[in-house]
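In: Any chance you could fold what I've pasted below:
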Amino acid sequence: QSLSRGLGDVYKRQGLYHFTPEGELEPGLADGMPEISDDGLVYTFRIKPGAMFAGPDFEPREVTAEDVAYGLTRGLDPNPVGASDRSWGFGYLLPIEGAQAFTDGEAESVSGIEVIDDHTLQVTLTEPNTAFLLALTIATSWPAAKEAVEERGEGFADAPVGAGPFYVKEYNKDSDITLARNPGYVDPELPYLDEIHIDLGVDESTQVLRLESGEADGVFEQFTISPPSLAVLRQNPDITMVEAVGPRIFYLSLNNQTMFADKAVRQAVAHAASQDFVAQFGGLAKPWNQLISSVTPQSDPEGTLTYEYDPDKAAEVLAASSYDGTPVRIIYDVADPYTSANATRLKQDLEAVGFTVDLQGLQQSEFFARVYDPSTYDINSTYWSADYPDAEDYIITNFVCGSGLNLSQFCDEDIDARFYATYQMEFGDERDAELRAVQQALIDEIAGVPVMEVTPQVVMGPRVGDIPSLATYAPYDWKRAGVKADG
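Out: From the prediction side, this is the model:
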């Protein structure tokens, strides 16, 4: 995996804003929060002076508003220099005026992005959108040094230049990477560490051995160590293990292009699916009744209503539905212990109420190749880790009409309209209440069946003081990671 999407987005680069470990939005390269026009359309950003780009074989220079504008535009570019395709997160920037025309190849620039001076950028939206500020925490929006991108071309992915707390000092493809402190980082007191060395592609058993021997100080990627291995490490007094702040929700995607176009068939699954199997994971997982995680401000498990586990009701509803006995194709990733347990138990649950089931455990590469082809499955045992801690991210990504990650192929234009209306609301109680109502409508219509919430573990060796976690797609705040005084 190239550094630009894998390791790179996690810590090398820096955007206008980011989230703290406490879940608060705070300025990064931006000098305070933006000025927003009374009509909610025009955002004026001030860029902090003195923040520097750094990278291998690159002369450090200051980040300017022009670099931020270039980063935004490059994120929308359908044919960006140095990449095979446009950014994975370009959709987050589509609220910008002229963004759709540019990304569709119908315009040469983005009309809503304007550089005022070296440290001032103005962005105009097509309509008010409260969540746009949250989207600016995503790597798609981060500034880029145009001269480095153009000079390095496709090589930019492996020798990137960014304004983050660390830069790539050395990278040996598929082997290891060494990151060094960026002396020109926007916060002169950070990062705490001088270097981070990461070995790539290390199998689980070797990770455990290295942690126990003290050869390794931590685990870079969440979910690469299975529950049994975590249990082993937990018994080691030299290993510290704490809960991360960004849980992952697991749910069932019922393909609405197949038999599950009939809500009654979906309802039968919702009543049939049990959650008692979650107990096998101990404190790592808990049964969950929402399509958003517990760290979102809209989370309300006590106030959320779901279809109760009731096999008799499931059989009754199924018998009265349009289901004709066609085998239900359930796919899951055999490398994921959580989706594996979910899918195998679901097969038993569904067969018990009258479904015929074709359970297909797939190797990870095949699973991800098929998961975006709805013709190949009826139920997908899946999950979502939020890009940022807000219900909007879960809903816009997984449940609105036409989203590329809407694995259920669910579409309800009335629910969508209610959801999109929240973009006109300010952050606060009214918006939170309406997003909860939208989630309840999605559960009522069985856009997905909530199953469990899994809390990743931060694993640290004896030298480590802290590796703060984040409730975002980039799960660790490496700039605030540190070793103990005597380490």
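In: tell me the mean pLDDT over stretch 287-298?
Out: Averaging pLDDT along stretch 287-298 gives 97.
In: so where is the stretch 201-350 of the chain shaky, pLDDT-wise?
Out: Nowhere does the stretch 201-350 of the chain drop to pLDDT under 70.
In: hey, where'd the helices end up in it?
Out: 204-213, 227-234, 263-272, 311-319, 337-352 (DSSP state H, counting those that start in this stretch).
In: Determine the set of other helices and strands touching the fourth one.
Out: Packed against helix 311-319 by the contact rule (3 or more Cβ pairs under 8 Å, 6 or more residues apart in numbering; DSSP states H and E) you find helix 263-272. (Glycine included, C-beta is placed from N, CA and C.)
In: Ok, the third one next?
Out: Judged by 3+ Cβ pairs under 8 Å, 6+ apart, the packing partners of helix 263-272 are strand 248-254, helix 311-319, helix 337-352, strand 449-454.
In: what does the first one rub up against?
Out: In other words, strand 248-254. Applying Cβ atoms under 8 Å, 6 or more residues apart in numbering, the external contacts of strand 248-254 come out as 223, 260, 266, 269, 273, 288, 290-293, 338-339, 342, 346, 378-385, 394, 407-408, 446, 448-454, 456.
In: Would you list the strands that it pairs with, along with their directions?
Out: strand 379-384 (antiparallel), strand 449-454 (antiparallel) (DSSP bridges).
In: mind giving me JSON lines with these and columns for mean neighbour count, mean pLDDT and distance to residue 359?
Out: Listed next are the strands paired with strand 248-254 as JSON lines, based on neighbours: other Cβ atoms under 10 Å; pLDDT from 0 to 100; distance: least, Cβ to Cβ, whole Å:
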{"stretch": "strand 379-384", "mean neighbour count": "24", "mean pLDDT": "96", "distance to residue 359": "10"}
{"stretch": "strand 449-454", "mean neighbour count": "25", "mean pLDDT": "98", "distance to residue 359": "16"}
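In: Quick one: closest of those to residue 21.
Out: strand 449-454 (18.8 Å; Cβ to Cβ).
In: distance between the next helix or strand after the closest one and the chain's centre?
Out: For strand 449-454, the succeeding helix or strand toward the C-terminus, using DSSP states H and E, is strand 457-460. Strand 457-460 has its C-alpha centroid displaced from the chain centroid by 19 Å (Cα atoms, centre = their mean, to the nearest Å).
In: Give me the contacts around strand 457-460.
Out: 211, 217-219, 222, 225, 230, 233, 239-244, 284, 466-467, 469, 476.
In: OK, contacts around the closest residue to residue 469 other than its chain neighbours?
Out: By the measure of Cβ to Cβ, 6 or more residues apart in numbering, the closest residue to residue 469 outside its immediate chain neighbours is residue 244, 3.8 Å from it. Residue 244 is in contact with 222, 455, 456, 457, 458, 469, 475, counting by Cβ under 8 Å, 6+ apart.
In: surely the second one meets residue 241?
Out: Right, residue 455. No - applying Cβ atoms under 8 Å as the test, residue 455 and residue 241 come out as separate, 11.2 Å apart.
In: For the closest residue to residue 61 other than its chain neighbours, what is the enclosing helix or strand?
Out: Ranked by Cβ to Cβ, 6+ apart and with sequence neighbours excluded, the top spatial neighbour of residue 61 is residue 53, at 5.6 Å. Assessed by DSSP H and E, residue 53 sits inside strand 52-53.
In: Summarise which helices and strands that strand is packed against.
Out: strand 61-62.
In: Point out the other helices and strands that whatever helix or strand comes next after the strand it packs on packs with.
Out: Next helix or strand after strand 61-62 toward the C-terminus (DSSP H and E): helix 65-76. For helix 65-76, the elements it packs on are helix 99-103, strand 113-117, strand 120-124, helix 146-152, judged by 3+ Cβ pairs under 8 Å, 6+ apart.
In: Could you rerun that using 10 Å?
Out: strand 42-46, helix 99-103, strand 113-117, strand 120-124, helix 146-152 (3 or more Cβ pairs under 10 Å, 6 or more residues apart in numbering; DSSP states H and E).
In: Secondary structure element holding the residue nearest to residue 447 when sequence neighbours are not counted?
Out: Spatial nearest neighbour of residue 447, excluding adjacent residues (Cβ to Cβ, 6+ apart): residue 410 at 4.2 Å. Using DSSP H and E, residue 410 sits in no helix or strand.
In: what number of residues lie near residue 410?
Out: By other Cβ atoms under 10 Å, 25 other residues sit near residue 410.
In: Against residue 129, how distant is residue 123?
Out: From residue 123 over to residue 129 the distance is 11 Å, taken as Cβ to Cβ, to the nearest Å.
In: which neighbours do the two share?
Out: Residues touching both residue 123 and residue 129 by Cβ atoms under 10 Å, 6 or more residues apart in numbering: 41, 43, 95, 96.
In: Does the first one touch residue 424 like I think?
Out: To tie it back to what came earlier, the one meant is residue 41. No - assessed by Cβ atoms under 10 Å, residue 41 is found out of contact with residue 424, at 11.6 Å.
In: Comparing these two, which residue is more hemmed in?
Out: residue 41 (17 against 12).
In: List the residues that contact the more buried one.
Out: Here residue 41 is in contact with 95, 97, 112, 123, 124, 125, 126, 127, 128, 129 (criterion: Cβ under 10 Å, 6+ apart).
In: Would you format the residues you listed as TSV with distance to residue 198 included?
Out: Shown next, in TSV, are the contacts of residue 41 (distance: Cβ to Cβ, whole Å):
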residue	distance to residue 198
95	35
97	40
112	38
123	34
124	40
125	38
126	41
127	42
128	41
129	36
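In: ok, and the most crowded of those?
Out: Highest count within those by other Cβ under 10 Å belongs to residue 123, 26 neighbours.
In: For that one, give me its contacts.
Out: 16, 34, 41-45, 68-69, 72, 93, 95-97, 99, 110, 112-114, 132, 136, 141.
In: Buried ones from the residues you listed, can you make that a ChimeraX selection?
Out: In ChimeraX, this line selects whichever of those come out buried by 16 or more other Cβ atoms under 10 Å:
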select :16,34,41,42,43,45,68,69,72,93,95,96,97,99,110,112,113,132,136,141
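In: about what we covered before: and the helices of the stretch 201-350 of the chain, which is most packed in?
Out: helix 263-272 (a mean of 23; mean count of other Cβ atoms under 10 Å).
In: Can I get that helix as CSV, trimmed to CA atoms?
Out: Taking C-alpha atoms only, helix 263-272 is exported to CSV below (Å, rounded to 0.1, in the frame of the first residue of the first chain):
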residue,chain,number,x,y,z
LYS,A,263,-39.2,-5.1,3.8
ALA,A,264,-41.0,-8.1,5.3
VAL,A,265,-38.0,-10.3,4.3
ARG,A,266,-35.6,-7.7,5.9
GLN,A,267,-37.8,-7.7,9.0
ALA,A,268,-37.6,-11.5,9.3
VAL,A,269,-33.8,-11.2,9.4
ALA,A,270,-34.0,-8.4,12.0
HIS,A,271,-36.1,-10.5,14.3
ALA,A,272,-34.0,-13.6,13.7
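In: With that, I have no additional questions.
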